[in-house]
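> missing the sequence, but the structure's below:
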């Protein structure tokens, strides 16, 4: 074995042994490469460019807050109860709208895929409404609903439900017909076919719908809050612009980004638990 | 040879089937699937073999003609005739174990000791022991087909309908699977209908081979394979096999020529 041979003439060997290299250096060699360094490096470069553009007031960035301003404003504002009130309200609105969208949307999607007659009644209206961007529903939502909460949750619900219904519907129709044939032959009643074939078969598509819908809910809540106002991260961001506390605008953006990411990650994680057969290769 | 009390036989008389005016698939199909025998159906691709299986299994009904199982007309699908599909229809969201026990569970015939014992025995027969908790996606193509076989077999169907189950497998896997099929058949002596486009496979595996014409399909010829059982690969080297194969090629050639517009 190379290295353990201590007889004469081994000064020429190229490779050092484990003991000769040392723990710290081994850690670096194993875990640190140019590839892994580039990730934090890219963030550093981004912040650096941001700092330069804003501090020296270049081009369109002359009013944009510097990283330092954002940091100081965050340190000052995040511990306040107002910030967390905004966070709580926005999260509640998103959660409520999303949960209602799941409860109402998935059964509709399943029915559309499974029952032809139901589909023939529902699909035309659904397809006409779908292309209209959810944000365009804002004015009508304000008209329809008496309270701001209701209209915001409605918009969140509306944003999430279309992808959920559509993906669920597609999920059901794309199940290969042989699965249903096999289940019927093996003696499954229609109820069994639905519970043990259709539902699990459509689950991957349902989760896709949920993941897409989840992304849209955050866009909706921000737009709704900026217009309808009162409270919430979206409103806070807009208010920061009105009150010329520009660092808080960026804080609002970061808060929304983090929350949106967390919720999407949660949906994905739940999906991975529910569908163990999907990630095994 | 085990005594098989539940093997059925099917009679197909004068079956016609079309989908719409343009699509005449089956034209006066007549044949028998004899009890406890391995019947093969050979025909060019697209000639209507899958349609025929759908009619036999009860997923669809013929426009004209009669399909009977042990004398009774076939109505709808149930576990007396189970299908092994072309591209496997194993449920991807269930493990091998759950797939295998799907039939007994769903029919309410699941008894803890007997059903699990039977499942274990069948799993061992197709050499899938140790893979009970794997999902189909974790299995190779051959293993998936074997799992699908035992999912059907555990229900003791009167007829096993196999729609080109070895299609798409590489040559080595295919040969191993053919040997499994022969061994399974000779152990259980179920009635089997085996659809394939490979002539050699049909003669190697079967007791009787029916040749179908191109669309609209009818039975062109019946060939009795009198090779001895237990069947081994050595039988494919015998003179009798060569004779049968030559005759088969002749029959199919005429049809293939027609399919390609009568020109070489």
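Sure thing, it's come through. Predicted model, so just to flag it, every value in this text is computed and none were measured.
> tell me which element residue B:11 falls in.
Per DSSP states H and E: residue B:11 is located in strand B:10-19.
> flag every buried residue along that strand.
Buried positions in strand B:10-19, judged by neighbour count with 16 or more other C-beta atoms under 10 Å in any protein chain shown: B:10, B:11, B:12, B:15, B:16, B:17, B:18. All C-beta spots, glycine's among them, are computed from the backbone N, C-alpha and C.
> got the residues of the stretch 101-250 of chain A near chain B?
A:176, A:178-179, A:181-189, A:192, A:196-197, A:200-201, A:203 (C-beta under 8 Å from any C-beta of the partner chain).
> picking up where we left off before, what sits up against the strand holding residue B:11?
By C-beta atoms under 8 Å, 6 or more residues apart in numbering or on different chains, the residues outside strand B:10-19 that reach it are B:24-33, B:48, B:51-52, B:55-56, B:60, B:62-70, B:74, B:81, B:159, B:191, B:193, B:216.
> narrow the residues you listed to those in strands?
When the contacts of strand B:10-19 are checked against strands (DSSP state E), the matches are B:24-33, B:64-69, B:81, B:159, B:191, B:193.
> count of neighbours near residue 35?
No chain was given, so I picked chain A. Residues near residue A:35, counting by other C-beta atoms under 10 Å in any protein chain shown, number 7.
> the chain in question should be chain B.
For residue B:35, the count of nearby residues is 16 (other C-beta under 10 Å).
> isn't it right next to residue B:191, touching?
Yes. Counting by C-beta atoms under 8 Å, residue B:35 touches residue B:191, with 5.7 Å between them.
> could you list the low-confidence segments of the stretch 151-264 of chain B?
The stretch 151-264 of chain B contains residues with pLDDT under 70 at B:259, B:261-264.
> chain A contacts on that one?
Residues of the stretch 151-264 of chain B lying close to chain A by C-beta under 8 Å from any C-beta are B:151, B:152, B:155.
> ok, the stretch 1-150 of chain B next?
B:54, B:57-59, B:77-79, B:81-83, B:85, B:87, B:89, B:91-94, B:102-103, B:106-107, B:135-138.
> longest helix anywhere in chain B?
Taking DSSP state H as the criterion, chain B has its longest helix at helix B:239-259.
> chain center to that helix, what's the gap?
Helix B:239-259 sits 21 Å away from the centroid of its parent chain (C-alpha atoms, centre = their mean, to the nearest Å).
> what packs against that helix?
helix B:199-205, strand B:208-212, strand B:219-224 (3 or more C-beta pairs under 8 Å, 6 or more residues apart in numbering or on different chains; DSSP states H and E).
> quick one: that helix to strand B:219-224, angle?
Calculated by axes from the mean of the first three to the mean of the last three C-alpha atoms, to 10 degrees, helix B:239-259 forms an angle of 170 degrees with strand B:219-224.
> which residues touch helix B:239-259?
In this structure, residues lying in contact with helix B:239-259 by C-beta under 8 Å, 6+ apart are B:42-44, B:199-200, B:202-204, B:209, B:211-214, B:220-221, B:223, B:225-227, B:235, B:263-264.
> buried sites along that helix?
So, applying 16+ other C-beta under 10 Å, buried residues of helix B:239-259: B:241, B:244, B:245, B:247, B:248, B:251, B:252, B:255.
> repeat for stretch A:45-54
Neighbour counts over stretch A:45-54 (16+ other C-beta under 10 Å) mark A:50, A:53, A:54 as buried.
> the stretch 151-281 of chain A: helices as residue ranges?
A:177-185, A:190-193, A:199-228, A:233-242, A:246-274 (DSSP state H, counting those that start in this stretch).
> and the contacts of stretch B:163-173?
The contact list for stretch B:163-173 (C-beta under 8 Å, 6+ apart) reads B:49-50, B:53, B:83-87, B:140-142, B:145, B:148-149, B:174, B:177-178, B:194-198, B:201.
> show me what contacts residue B:101?
Each residue near residue B:101 by C-beta under 8 Å, 6+ apart is listed here: B:110, B:115, B:116, B:119, B:154.
> gap between the fourth one and residue B:254?
Read it as residue B:119. Going from residue B:119 to residue B:254 by C-beta to C-beta, to the nearest Å gives 46 Å.
> what number of residues lie near the closest residue in space to residue B:106 that isn't next to it in sequence?
Once flanking residues are discounted, residue B:106 sits nearest to residue A:188: 4.5 Å by C-beta to C-beta, 6 or more residues apart in numbering or on different chains. Using other C-beta under 10 Å, residue A:188 has 22 other residues around it.
> quick one: contacts for residue A:188?
With contact set as C-beta under 8 Å, 6+ apart, residue A:188 has these partners: A:196, A:197, B:102, B:106.
> identify, from the residues you listed, the entry nearest to residue A:125.
Taking C-beta to C-beta as the measure, residue A:197 is the one of those closest to residue A:125, at 28.5 Å.
> what about the nearest residue to that closest one once chain neighbours are set aside, how many neighbours?
Once flanking residues are discounted, residue A:197 sits nearest to residue A:183: 4.8 Å by C-beta to C-beta, 6+ apart. Neighbourhood size, residue A:183 [other C-beta under 10 Å]: 24.
> tell me the contacts of residue A:183?
The contact partners of residue A:183, taken as C-beta under 8 Å, 6+ apart, are A:192, A:193, A:196, A:197, B:91, B:102, B:106.
> is the residue of the stretch 1-150 of chain A found nearest chain B in a helix, a strand, or coil?
When scored by C-beta to the nearest C-beta, the stretch 1-150 of chain A has residue A:110 as its residue closest to chain B, at 16.0 Å. The local conformation at residue A:110, judged by DSSP: H, G, I helix; E, B strand; the rest coil, is helix.
> which residues does stretch A:57-66 contact?
Stretch A:57-66 is contacted by residues A:50, A:51, A:52, A:53, A:54, A:55, A:73, A:246, A:247, A:249, A:250 when judged by C-beta under 8 Å, 6+ apart.
> same thing with stretch A:206-221?
Here stretch A:206-221 makes contact (C-beta under 8 Å, 6+ apart) with A:90, A:93-94, A:97-98, A:101-102, A:105-106, A:109, A:134-135, A:152, A:155-156, A:158-168, A:171, A:232, A:234, A:256, A:259-260, A:263-264, A:267-268, A:270-271, A:274-275.
> buried among those residues? Make that a ChimeraX selection.
Buried subset of those, written as a ChimeraX selection, criterion 16+ other C-beta under 10 Å:
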select /A:90,93,94,97,98,101,102,105,106,109,134,135,152,155,156,158,159,160,161,162,163,164,165,166,167,168,171,232,234,256,259,260,263,264,267,271,275
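> point out where the stretch 1-150 of chain B drops to low pLDDT.
B:1-4.
> what does the stretch 151-281 of chain A give?
For the stretch 151-281 of chain A, the stretches with pLDDT under 70 are A:279-281.
> so which of the contacts of residue A:188 wins on neighbours?
Highest neighbour count within the contacts of residue A:188: residue B:102, with 25 neighbours (other C-beta under 10 Å).
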